[in-house]
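Peer 1: Just a sequence and a predicted model for now, questions to come.
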Amino acid sequence: LTGYVGFANLPNQWHRKSVRKGFSFNVMVVGESGLGKSTLVNTLFNTSLYPPKERKQPSLDFSPKTVGIQSISADIEENGVRLRLTVVDTPGFGDFVNNDDSWRPIIENIEQRFDTYLDAENKVNRMNIIDNRIHACVYFIEPTGHALKPLDVEVMRRLHTKVNLIPVIAKSDTLTDDEISAFKHRILADIQFHNIQIFEGPRYEMDDEETIAENNEIMSKVPFAVVGSNTEVQTPEGRKVRGRRYPWGVIEVDNEEHCDFAKLRQMLIRTHMEELKEHTNNFLYENYRSDKLTSMGV
Ligand code: GDP
Ligand code: MG
């Protein structure tokens with residue numbers, strides 16, 4: 001169920017490169033305050049990164065309000081492959097009456113990372129550049145069940161040219177299955193209507209049919225309906241799981257029948273990591289770079 005991450009199974013050529021250098025993967029979480037971003041980051045780091053026996057004790061399900069942009073990294077190694085996973089947690093925007101600029105520090109942080117990479121590329125010694133660029137941006141949508149809010153549209157439109165946007169429905173345990181399904185359709189329609197580009201995964205693949213089927217299955221869950229929790233609860237059958245308890249039962253974080261958390265994690269850390277990194281480098285960063293050079297008159 002939890003256990004290893006699975007990145008050692010990445011395609012061969014990439015695998016060999018990674019074995020030599022080690023590699024980094026950087027995920028950012030963005031969204032309004034109180035939607036469970038910090039909780040989900042903890043949920044991600046508490047489970048899949050280590051074999052279960054080394055797992056941290058469940059902490060209290062309490063997270064202080066995030067101030068400033070914070071990153072958490074873990075070096076993980078699997079079958080001789082080293083990976084540095086970093087998750088960048090951002091303070092929620094939307095706390096103020098006037099939210100016009102509340103997202104600005106987030107955009108600046110993303111651009112600074114591009115600038116740092118650009119500087120490194122321009123140095124004489126371009127070997128072993130540390131890649132601190134954001135490869136995936138998980139965008140939290142409030143589980144209203146209605147539609148995207150104007151603030152979401154505005155922020156996503158500012159983000160989508162700079163990062164691979166991965167929308168998620170926050171705290172999806174507060175919606176019924178039918179509500180989630182309807183809300184997913186509505187979100188996708190809104191995203192399309194506002195010309196927001198979200199990460200779509202590879203368009204064609206050289207992979208075998210099984211891999212393609214698995215990838216399509218994952219992408220069909222977008223926007224992922226997620227639930228975060230750092231507490232263990234007991235199911236009616238007596239199993240100990242990470243989840244949230246309700247009078248009518250327990251929502252299990254790691255159970256794919258209950259929410260899409262496992263699918264999101266699988267997509268980020270296993271099936272789509274390479275694609276996310278390549279799209280960041282070949283398209284998002286490249287556009288940023290050429291715009292920058294043009295504006296400098298180079
Ligand atoms: P952030 O401001 O987006 O970082 O949100 P936090 O992670 O600090 O969580 C805010 C509150 O929501 C806390 O009381 C969490 O326990 C709670 N919370 C977090 N994730 C979930 C979830 O998936 N479902 C529910 N029902 N509550 C959650
Ligand atoms: Mg937070």
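Peer 2: Structure received. Ligands and ions are numbered 1, 2, ... in the order given.

Peer 1: Tell me which residues touch the residue of the chain found nearest ligand 1, please.
Peer 2: Using Cβ to the nearest ligand atom, the closest approach of the chain to ligand 1 is made by residue 36 at 2.8 Å. For every residue, glycine as well, the C-beta is placed using N, CA and C. By Cβ atoms under 8 Å, 6 or more residues apart in numbering, the contact list for residue 36 reads 140, 170-171, 226, 228.

Peer 1: Buried ones from these, can you make that a PyMOL selection?
Peer 2: Here is the PyMOL selection string for the buried members of these, based on 16 or more other Cβ atoms under 10 Å:
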select buried, resi 140+170+171+226+228
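
Peer 1: and the contacts of residue 36, which of them are in helices?
Peer 2: Per DSSP state H, helices hold no members of those.

Peer 1: need the contacts of residue 36 in CSV with pLDDT and distance to residue 272, can you?
Peer 2: Converted to CSV, the contacts of residue 36 look like this (pLDDT from 0 to 100; distance: Cβ to Cβ, whole Å):
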residue, pLDDT, distance to residue 272
140, 97, 19
170, 98, 21
171, 97, 24
226, 97, 16
228, 94, 20
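
Peer 1: Which members of the contacts of residue 36 additionally contact ligand 1?
Peer 2: 171, 228 (Cβ under 6 Å from any ligand atom).

Peer 1: In a markdown table, list the contacts of residue 36 along with distance to residue 197.
Peer 2: Putting these into a markdown table (distance: Cβ to Cβ, whole Å) gives the following:
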| residue | distance to residue 197 |
| --- | --- |
| 140 | 18 |
| 170 | 21 |
| 171 | 25 |
| 226 | 21 |
| 228 | 26 |
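
Peer 1: Now do the helices in the stretch 151-298 of the chain.
Peer 2: Remark: helices assigned in the stretch 151-298 of the chain by DSSP state H, counting those that start in this stretch are 177-193, 209-219, 261-266, 273-279, 286-295.

Peer 1: Nearest to ligand 2, out of the ones you listed?
Peer 2: helix 261-266 (17.0 Å; Cβ to the ion).

Peer 1: what pLDDT does the residue lying closest to residue 162 once chain neighbours are set aside get?
Peer 2: Among residues not flanking residue 162 along the chain, residue 110 sits closest, at 5.0 Å (Cβ to Cβ, 6 or more residues apart in numbering). Model confidence at residue 110, given as pLDDT, is 97.
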